[in-house]
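Participant: below is the structure, and that's it, no one-letter string:
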């Protein structure tokens, strides 16, 4: 099994074109490409998503992803869960898989801990409620001044951060493997790592603090994450990915 990893796609899958990601010429459905959140392939929650998902399905390998903060969490509620390589997934297409929060997967003899989610940082000017009587007025005002805002259940979902039940499941699954995995796949990163490169731009939250707990308690080889739209390696084992696609050795 060959495993490749990349960062946010936001529903734009052009980096996977055969003339760009040429390694796929020798790949099969047993091989994986992992996306570190903000997958964006299910955004509308209706047939408008089909073209992109069907194109991914047509590729010779399997695509698997954790969720980020720019995702339609309502749309995922309709997909059933199933077990895959020791952890829970949602199968979006036969070979397009959502790796669910707090799961540990055994892939080719290597253990992967997956935990999607992150705080949106483009909401400084608020979250609008589409059913509010003054919604249209506020929307026009914010758009006119180029404000950073989102609309609840249309472009922002509170589920971008895990629930308490998901944190409990994550801890239980890590306890089951004695807090020892090979790779960690997330969207954001631990608070302490985030502080090293963000200059205070990105604030800590319950999830980044939980990842600090994982950082302290868990033995792992590498931690891969997206979210910050850059490519960078921090302290040799924390790899921030964006459009780059790398292969696990």
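Facilitator: Received the coordinates, thanks. Since we're looking at a predicted model, the values are computed, not measured.

Participant: CA atoms for contacts and neighbours, from now on please.
Facilitator: OK.

Participant: quick check, pLDDT for the closest residue to residue 230 other than its chain neighbours.
Facilitator: The shortest distance from residue 230 to any non-neighbouring residue, by C-alpha to C-alpha, 6 or more residues apart in numbering, is to residue 242 (5.2 Å). Per-residue pLDDT puts residue 242 at 97.

Participant: now do residue 242: how many residues are near it, please.
Facilitator: 21 (other C-alpha atoms under 10 Å).

Participant: list phi and psi for it.
Facilitator: Main-chain torsions, residue 242, degrees, to the nearest 10: phi -130, psi -100.

Participant: contact partners for it?
Facilitator: By C-alpha atoms under 8 Å, 6 or more residues apart in numbering, residue 242 lies in contact with 6-8, 226-231.

Participant: doesn't residue 210 belong to a helix?
Facilitator: Yes. Remark: residue 210 belongs to a helix, assigned using DSSP: H, G, I helix; E, B strand; the rest coil.

Participant: find the centremost residue of this protein, please.
Facilitator: Nearest to the mean C-alpha position of the chain, counting by C-alpha atoms, centre = their mean, stands residue 37 at 1.7 Å.

Participant: mind checking how far that residue is from residue 65?
Facilitator: Remark: distance between residue 37 and residue 65 (C-alpha to C-alpha, to the nearest Å) = 6 Å.

Participant: ok so, going back, the residue nearest to the centre of the chain and residue 226 touch, don't they?
Facilitator: Yes. Taking contacts as C-alpha atoms under 8 Å, residue 37 lies within contact range of residue 226: 6.4 Å.

Participant: give me the neighbour count for residue 240.
Facilitator: Residue 240: 25 surrounding residues under other C-alpha under 10 Å.

Participant: give the contact list for it.
Facilitator: Neighbours of residue 240 in contact, by C-alpha under 8 Å, 6+ apart: 7, 224-226, 228, 230-234.

Participant: name the member of these with the most neighbours.
Facilitator: Of all the contacts of residue 240, the highest neighbour tally under other C-alpha under 10 Å goes to residue 7, namely 29 neighbours.

Participant: that older thread, among the contacts of residue 240, name the ones in strands.
Facilitator: Of the contacts of residue 240, the ones assigned to strands by DSSP state E are 224-225, 232-234.

Participant: save those residues as JSON lines, and put in distance to residue 96 too.
Facilitator: Shown next, in JSON lines, are those (distance: C-alpha to C-alpha, whole Å):
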{"residue": "224", "distance to residue 96": "19"}
{"residue": "225", "distance to residue 96": "19"}
{"residue": "232", "distance to residue 96": "27"}
{"residue": "233", "distance to residue 96": "28"}
{"residue": "234", "distance to residue 96": "30"}
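
Participant: let me see the contact set for the nearest residue to residue 120 once chain neighbours are set aside.
Facilitator: Counting by C-alpha to C-alpha, 6+ apart, residue 69 is the residue found nearest to residue 120 once chain neighbours are left out, at 5.8 Å. Residue 69 makes contacts with 37-38, 117-120, 156-157, 160-161, as judged by C-alpha under 8 Å, 6+ apart.

Participant: could you do residue 64 as well?
Facilitator: Residue 64 neighbours (C-alpha under 8 Å, 6+ apart): 32-35, 95-99.

Participant: helix, strand, or coil at it?
Facilitator: strand.

Participant: repeat that for residue 194.
Facilitator: Going by three-state DSSP, the state assigned to residue 194 is helix.

Participant: give me the neighbour count for it.
Facilitator: For residue 194, using other C-alpha under 10 Å, the count is 19.

Participant: same question for residue 160.
Facilitator: 20.
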